[in-house]
Structures are given as C-alpha cells and as structure tokens.
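Engineer: predicted model follows, preceded by the sequence.
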Amino acid sequence: MSGGASIARVSHGSVPPIARRLVAGPAVVLLAAGLAGCGGGTVGMGGGDDGKKPVAAASSSSPSERSSPSSSPPSSPASTAPQPARSEPASAEPKGSEAAPAADGPLRGKVVVVDPGHNIHNAEHSTEINRQVDIGTGHKECDTTGTETNSGYAEATFSLDVAHRLRAILQSRGAKVVLTHDGDRPYGPCVTERAEIGNKAHGDAAVSIHADGAGPGQRGFHVILPAKVRGGAADTGPIVEPSKELGARVAGNFVKVTGSAPSNYIGHGTGLDTRGDLGGLNLSTIPKVFIECGNMRDAQDAALLTDGGWREKAAQGIADGITDFLRG
C-alpha cells in the first residue's frame, strides 16, 4: 500500500523523525486494548472512544465507537482469548489487574499497563455504557461495544487476546504488567477510568489495542497519536511529543514483524493519525497511543485478525515498539 515502504524501513531501535524526544525516568507503559479505544469513537459514526475515525464508507459502526455486535457475545474458533466472565460490578475506584514480571530482562523495573479495548459484555449493558462521561474537551459514552468481523468475531475478543499475548511477552522481558480489565467485569471500564488506571500507575507510556470497523477495501493498521488539547481535566501538552515517538516506534516495529502495510484510508500512507477527540488520550498524563491493528470489515484484514499466529505477531510488533521506546 502507498506509504508502506517508508515505515517498513524503520528498523528495531530506530526512530523516524516524527519524534525524537524520550521521557526520562522510570518507565511505565499503558497498553489499552481497544478503548477506542480508551475514549475514542466509531468508524463511520464517530461517537465513542474506541479510536474509530468517522469514514464515509464505514459499515456497521455505532454512534459511539463502532457498530455494536449482537447482544450475545460473538465467538470464533480462531480466537484463543478466554471469554470474559461476569463478576463484581465496576468499582468506583479505578483498579487494574497486576501480574508479576520475570526476575530479570531488558524491561526490569518497568511497569506496563495493558488496556484491552471494549468488553465482550458491553452490549448487555447499554444503559451503563451509554452514560456520558467528561473527557475534558466534551462528553462521550462511558464505553462502546466495538466492532466485529462479518463472521461475528468481536473486537473485544480480539483486543483481550492480543493484550494477553502482549502481557506474556512484556513479562518475559522483566516488565510488571497491569491490565485495566481482564474480561472479569460486567461492562467497561469507562474510558475515564481506563485513563485513570494508567495515570495512577505512573506510566511512562500507554498503548490501547483495537481493530477498526471501516468499509470493505479499506485495509491496514494505523496508530493514533494525541493532539495538543487543553480543557477541564484534559491537558495533553506534556505528552504530545513523547507519544509521537512511542507511536513511531510501535508503527515501525508493527510493519517489520507482521508485514502489514499502513492504512490505505487514514494517515496518508504513514500509518499515523492525530486525534483530539478521544477521551483515552485526552485524559492521559503519560505518553500514550492507540493502535488499530486492521479493519475487521475487510475480508483480507479479517483473515489476519482471526488468525492466532498473526495475532502473536501483532503482539510481538507492539511489544518491540514499546521496548524500543522504553530503552531509548
């Protein structure tokens, strides 16, 4: 795809000129899997906070984040992610799920917050997830359902699966990993809480994992960077530059490991997009990006997203980008 070659040339450890500034101090990474990712919107409708950018050709996108899957959780033989189970209602106090790191490794002493986008049970709690929350520059839905492939493989299932794979890789490198949720909540968490979990972890970086819901023929991945915004609780000024570098590292390594080309419908072939309307980015106080790993509504991309082997590569590419960023 156009623009693919320039990113493909980014080697492990190299940084495109888009961002040069590193953050000093202890490193903590927030991986938001599908918060739209963390406060984003639906492709095609542009409402929620899943990172979906409104596009004319988008199909089945809900006004909040993307099109809403059926009320019963979609499933797919290709998915290896465990199905989320109902549990205690969401706590008012942001709480993440922590996992111990390996004894040693290149990320020893680092904290990574993994935020899997959406929740497979969100469709069963429309009143709760449609509640408006303050994202600093406006209001958006608490959370959204996310999108799904034409065969019913849900974005929420995809994002949790990739988050689990990413957690395992980062732990093996010595990082402490904190998940914003592990499929163990009845819905959400809200995009505001997802951001707060990362902030309270004092992270040095955050990545929100998603898959897009655009129209057929629109293919490829893109990484969403925070725009400089200020309003209410939102002030992204301090994180804009380091987030650009994080995004460049993730995009370059994603191309290298997966072989996937940058989006042919967002980012003008660069694989990078800047947004100022996503709560997950607006409310973050640590460097953070979203990644839309592919388009679930395109048959060719869907074949990749539903393949466990490819999802392992996606997790590897994201992990390598985070590692490059944290190690400088």
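Structural biologist: That came in fine, so what should we check first? On a predicted model such as this, the values are computed, not experimentally measured, just so you know.
Engineer: where does residue 194 sit: helix, strand or coil?
Structural biologist: What DSSP: H, G, I helix; E, B strand; the rest coil gives for residue 194 is helix.
Engineer: looks like it contacts residue 282 (just checking).
Structural biologist: No: using C-beta atoms under 8 Å, residue 194 makes no contact with residue 282, being 11.9 Å away. C-beta here means a position set from N, CA and C on the backbone, and glycine is covered the same way.
Engineer: the more surrounded of the two?
Structural biologist: Taking other C-beta atoms under 10 Å, residue 194 and residue 282 do not tie; residue 194 has more neighbours (35 against 31).
Engineer: tell me which stretches of the protein form helices.
Structural biologist: 4-8, 36-39, 126-129, 155-172, 191-200, 240-258, 279-282, 299-305, 308-327 (DSSP state H).
Engineer: what's the angle from the longest one to helix 240-258?
Structural biologist: In this case it means helix 308-327. Using axes from the mean of the first three to the mean of the last three C-alpha atoms, to 10 degrees, the inter-axis angle of helix 308-327 relative to helix 240-258 is 140 degrees.
Engineer: tell me which residues of helix 308-327 are tucked away?
Structural biologist: 310-326 (16 or more other C-beta atoms under 10 Å).
Engineer: ok so, going back, now for the helices of the chain, which one comes closest to residue 226?
Structural biologist: helix 279-282 (3.9 Å; C-beta to C-beta).
Engineer: and the closest one, what does it pack against?
Structural biologist: helix 36-39, helix 191-200, strand 222-226, strand 288-295 (3 or more C-beta pairs under 8 Å, 6 or more residues apart in numbering; DSSP states H and E).
Engineer: before we move on, the earlier item: need the winner for burial among the helices of the chain.
Structural biologist: Ranked by mean neighbour count, those are led by helix 36-39 with a mean of 40 (mean count of other C-beta atoms under 10 Å).
Engineer: what mean pLDDT does that one get?
Structural biologist: Model confidence over helix 36-39, given as mean pLDDT, is 38.
Engineer: ditto for stretch 274-287
Structural biologist: On average, stretch 274-287 scores 94.
Engineer: and residue 237, how many residues sit next to it?
Structural biologist: 11.
Engineer: the closest residue to it other than its chain neighbours: what's it in contact with?
Structural biologist: In space, residue 237 comes closest to residue 228 once its chain neighbours are excluded; the distance is 5.7 Å by C-beta to C-beta, 6 or more residues apart in numbering. Residue 228 is in contact with 236, 237, 240, 276, counting by C-beta atoms under 8 Å, 6 or more residues apart in numbering.
Engineer: show me the two of these that sit farthest apart.
Structural biologist: Checking these with C-beta to C-beta, the most distant pair is 237 and 276, at 12.0 Å.
Engineer: nearest to residue 269, out of the helices of the chain?
Structural biologist: Distance to residue 269, taken as C-beta to C-beta, is lowest for helix 4-8 among these, at 6.9 Å.
Engineer: give me the low-pLDDT residue ranges for the chain?
Structural biologist: Applying pLDDT under 70 to the chain picks out residues 1-48, 50, 53-100, 102-103.
Engineer: ok, which of the helices of the chain comes nearest residue 149?
Structural biologist: helix 299-305 (4.3 Å).
Engineer: contacts for that closest one next, please.
Structural biologist: 149-151, 153, 158, 211, 216, 219-220, 258, 260, 293-296, 310-311.
Engineer: could you rerun that using 6 Å?
Structural biologist: 149, 158, 211, 219, 294, 295, 296, 310 (C-beta atoms under 6 Å, 6 or more residues apart in numbering).
Engineer: among these, who's most crowded?
Structural biologist: Among the contacts of helix 299-305, residue 211 has the most neighbours (other C-beta under 10 Å), with 39 neighbours.
Engineer: is it true that it touches residue 159?
Structural biologist: No: look at residue 211 against residue 159 with C-beta atoms under 6 Å: they stay out of range, at 7.1 Å.
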